[in-house]
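# Provided below for reference: sequence and predicted model.
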There are 2 protein chains.
Amino acid sequence: MANIKDVAKRANVSVATVSRVINNKGYVNEETRMLVEKAIKELNFIPNEVARSLYKKVSKSIGVIFPHLSNPFYYYVLEGIEALAFEKGYKVIICNSNEDKSREEEYINQFIKYNIDGIIIGSNSSLNARYIELNIPIVSIDRIIHDDVPSVTSDNITGGYLACKKLIENGCKSIVHFRGPSILLTVKDRSLGFNKCLEEHGLTCYQVDLAFINPEREIIATFLKEHEEIDGIFCDSDLIGAVVLSELNRLGRKVPDEVQVIGYDNNPLCSLLTPALTTISQNMFEIGKEAMLSLNTIIEKMELKDKHKTIPVELVERESTKKLVG
Amino acid sequence: MANIKDVAKRANVSVATVSRVINNKGYVNEETRMLVEKAIKELNFIPNEVARSLYKKVSKSIGVIFPHLSNPFYYYVLEGIEALAFEKGYKVIICNSNEDKSREEEYINQFIKYNIDGIIIGSNSSLNARYIELNIPIVSIDRIIHDDVPSVTSDNITGGYLACKKLIENGCKSIVHFRGPSILLTVKDRSLGFNKCLEEHGLTCYQVDLAFINPEREIIATFLKEHEEIDGIFCDSDLIGAVVLSELNRLGRKVPDEVQVIGYDNNPLCSLLTPALTTISQNMFEIGKEAMLSLNTIIEKMELKDKHKTIPVELVERESTKKLVG
DNA sequence: TTGAAAGCGCTAACAT
DNA sequence: ATGTTAGCGCTTTCAA
């Protein structure tokens, strides 16, 4: 690998001049520039970013910490992050915390060691204080760590509200909300919106808490068996929705005629289910992109007008809810 | 951030001694070591890996190039890679080539700039020659770039064979293979195994090529409508299987009584479908782990006994194929 | 057993 | 407009 010295020698200039050329910075005569560029080409010179990073203390790389990788939400978000990161010249280092504090801590140490420029953190972290004292630009997704830490969240309140509105407009009277773990902000917000709409119509609903990763089929089956009166179901994820649909099939309950079901996420899975699942669509790619955008803004020390961004959601109607004829 | 000099000063030794302590290398008096360790603790010193990397020309990081991120296969593999990488102290840099040559090229340049230690490359690359001339340790997944480049592939031949065997044993006579793009090695291998078994039983089958990312529903529907005699279907992915199942439902064809369906991958999605999809399970996590293991082996210049690893597959029976009694 | 010093490849004062 | 040189934080030879 040729280095800057080799180039300088070949072009008969000093390393400083070469540096000026590759950084497009400072005065350099047009002719000299050509000479240097020629030498660069000939030697196939690619500047060593490690040396650059050592001096400048930036690395053009960011860390992304997620509690899991094998979850559609996260990898769509990741795709959004990567897309913009690539455009802006950042490398993205992927970290699976596995919801394990010590793993997360270990990753943070790596970040420090490698002059990482910024961090995007998915939900479920227990190390909030640590992140803040770190003094590295940071953006959180799906949760608010601290008022000063920029965040990007999906509009979960509206999401819950829209789902409820649809169910009620479609005539549902006896409703259950199969939720994610109720400690999560996202889950709380969806409940908030959902219950607000319920209240507006003088209704209440059952609430059943489930895991997001492996929604407990037993709990769903048991509940459904014991509550034959249920005619409207809101699920906090399409995965939960899929399990619900499959249990409903097993029980011989007709969807959407007897029971209507709404999921959450707009996972590609939705259109593959029978019946296809009506859902609240979160724009996950957009969430990732916006997070990266905010991060880039604070890394470059520019002003971030929108500290806490909310990405809109929308209802996507498929076959698991009744079509209302106008 | 404290640096090695600060520690040296505080412990009243030279930076060389501190270096010896943190690297556990060379002679250092037990007492001095204690002193240094105390200083490290007190100053909260974390060695700067960028400086280290500049000198040693290794970075303890690897690049993973995938043609897509939003594809279950890749992120399960990624999870396997990350798991072992973390254990071995590597950072993993995720690159989405988007099947775009110039993006891939750009990422390769980044790798060079950052002294990356190794590369794991998912299928679909068109830059084989480039990778080899690069002279960076590299492992390929799901394809064989070159005889000298270690690879980890799923046992696709056996996968195809097992699927066919099951279908035939279950009495299928008129079979279709909904394949992925037939340029892919994986697809070719599955066909190889599938057709071999077919031949052994004096049978043939229809072959329909589809995209992996968005399997064309139209093509599937049309084929199914025009071929009512079909009683056995093998799909090259569970996603294709899901679409097939949903079209079969729409056409009112009973699964598994009239048609039996086998997918590929063992995506969690399988058990959520109605009926639950019988499939060939690829151990994707294992594929990722083994790839990282091979990569680590060549990075450390140890001998790699198994240059081309094949990860076993197995048939997972669910509801889309008949249960054979006895 | 320890320290001094050169050097990894680059940037940026400062000097010319 | 260009060159000289001192670092960035670390490792490692060489000398003591």
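The structure has been received and is ready for your questions.
# quick one: list the elements packing against the one helix or strand residue A:243 maps to.
Using DSSP states H and E, residue A:243 maps to helix A:238-250. The contact analysis (3 or more Cβ pairs under 8 Å, 6 or more residues apart in numbering or on different chains; DSSP states H and E) places helix A:238-250 against helix A:217-226, strand A:232-235, strand A:260-265. Quick note: C-beta positions are derived from backbone N, CA and C, even for glycine.
# closest to DNA strand C out of those?
strand A:260-265 (43.5 Å; Cβ to the nearest atom of the strand).
# nearest to chain B, of the helices and strands packed on helix A:238-250?
helix A:217-226 (8.9 Å; Cβ to the nearest Cβ).
# rewinding a little: would you turn the helices and strands packed on helix A:238-250 into CSV with distance to chain B and mean pLDDT?
Below are these laid out as CSV (distance: least, Cβ to the nearest Cβ, whole Å; pLDDT from 0 to 100):
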stretch, distance to chain B, mean pLDDT
helix A:217-226, 9, 96
strand A:232-235, 12, 98
strand A:260-265, 11, 97
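# for residue A:21, pull up the helix or strand it's in.
In this structure, residue A:21 sits in helix A:15-23 according to DSSP H and E.
# is chain B contacted by that helix?
No - using Cβ under 8 Å from any Cβ of the partner chain, we find that helix A:15-23 stays clear of chain B, coming within 11.5 Å at best.
# that helix near DNA strand D at all?
Yes - counting by Cβ under 7 Å from any atom of the strand, DNA strand D is contacted by helix A:15-23 at A:15, A:16, A:17, A:20.
# read off the pLDDT value for residue A:214.
Predicted confidence (pLDDT) at residue A:214: the value is 86.
# SS state for it?
Classification of residue A:214 by DSSP: H, G, I helix; E, B strand; the rest coil places it in coil.
# tell me how many other residues surround it.
Residue A:214 has 10 neighbours, counted by other Cβ atoms under 10 Å in any protein chain shown.
# contact partners for residue A:250?
Residues near residue A:250 by Cβ atoms under 8 Å, 6 or more residues apart in numbering or on different chains: residue A:221.
# quick one: it and residue A:227, what's the gap?
15 Å (Cβ to Cβ, to the nearest Å).
# any idea how far the spatially most central residue of chain A is from chain B?
Using Cα atoms, centre = their mean, the residue of chain A that lies closest to the mean C-alpha position is residue A:77, 3.7 Å off. Using Cβ to the nearest Cβ, to the nearest Å, one gets 10 Å for the distance from residue A:77 to chain B.
# do the same with residue A:274
5 Å.
# you'd agree that residue is in a helix?
No - the assignment for residue A:274 is coil, going by three-state DSSP, so no helix is present there.
# what does the closest residue in space to residue A:278 that isn't next to it in sequence show for phi and psi?
Leaving aside its sequence neighbours, residue A:278 sits nearest to residue A:321 (Cβ to Cβ, 6 or more residues apart in numbering or on different chains; 4.2 Å). Phi and psi for residue A:321, reported as degrees, to the nearest 10, are phi -130, psi 160.
# which pLDDT value goes with residue A:321?
Taking residue A:321 on its own, its pLDDT is 98.
# around the closest residue to residue A:271 other than its chain neighbours, how many other residues sit close by?
Spatial nearest neighbour of residue A:271, excluding adjacent residues (Cβ to Cβ, 6+ apart): residue A:318 at 6.7 Å. Using other Cβ under 10 Å, residue A:318 has 19 neighbouring residues.
# who's in contact with residue A:318?
Contacts of residue A:318 (Cβ under 8 Å, 6+ apart): A:270, A:271, A:275, A:276, A:277, A:278, A:279.
# low-scoring stretches of chain A, by residue?
A:123, A:326 (pLDDT under 70).
# how's it carved up into domains?
Listed domain ranges for chain A are A:4-47, A:61-154+A:285-312, A:156-282 (source: automatic domain parsing).
# any idea which of those domains gets closest to DNA strand C?
Taking the domains of chain A one by one with Cβ to the nearest atom of the strand, domain A:4-47 is closest: 2.8 Å.
# touching DNA strand C at all, that closest one?
Yes - using Cβ under 7 Å from any atom of the strand, domain A:4-47 reaches DNA strand C at A:4, A:5, A:15, A:16, A:19, A:22, A:23, A:25, A:45, A:47.
# got the residues you listed as TSV, with neighbour count columns?
Formatted as TSV, the residues of domain A:4-47 next to DNA strand C follow (neighbours: other Cβ atoms under 10 Å in any protein chain shown):
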residue	neighbour count
A:4	19
A:5	11
A:15	14
A:16	12
A:19	18
A:22	17
A:23	10
A:25	9
A:45	20
A:47	17
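# between those residues, which sits nearest DNA strand D?
Using Cβ to the nearest atom of the strand, the residues of domain A:4-47 next to DNA strand C come closest to DNA strand D at residue A:16, 3.3 Å.
# flag every residue of chain A that's near DNA strand C.
A:1, A:3-5, A:15-16, A:19, A:22-23, A:25, A:45, A:47-48, A:51-52, A:54-56.
# quick one: residue A:112 from residue B:295, how far?
25 Å.
# which of the two has more residues huddled nearby?
Shown here are residue A:112 and residue B:295; by other Cβ under 10 Å, residue B:295 has more neighbours (27 against 16).
# and the more buried one, what does it touch?
By Cβ under 8 Å, 6+ apart, the contact set of residue B:295 is B:62, B:118, B:119, B:120, B:137, B:138, B:139, B:150.
# please redo it, this time with the cut-off set to 6 Å
When contacts are counted by Cβ atoms under 6 Å, 6 or more residues apart in numbering or on different chains, residue B:295 touches B:118, B:120, B:139.
# pretty sure residue A:53 sits against residue B:50.
Yes - assessed by Cβ atoms under 6 Å, residue A:53 is found in contact with residue B:50 at 5.0 Å.
# identify the contacts common to those two.
By Cβ under 6 Å, 6+ apart, residue A:53 and residue B:50 have these common neighbours: residue A:115.
# widest-spaced pair of the residues of domain A:4-47 next to DNA strand C?
The span of the residues of domain A:4-47 next to DNA strand C, defined through Cβ to Cβ, is set by A:5 and A:25 at 18.9 Å.
# right, and the helix or strand after the helix or strand encompassing residue A:294?
Using DSSP H and E, residue A:294 maps to helix A:284-299. Heading C-terminal from helix A:284-299, the first helix or strand you meet, by DSSP H and E, is strand A:308-311.
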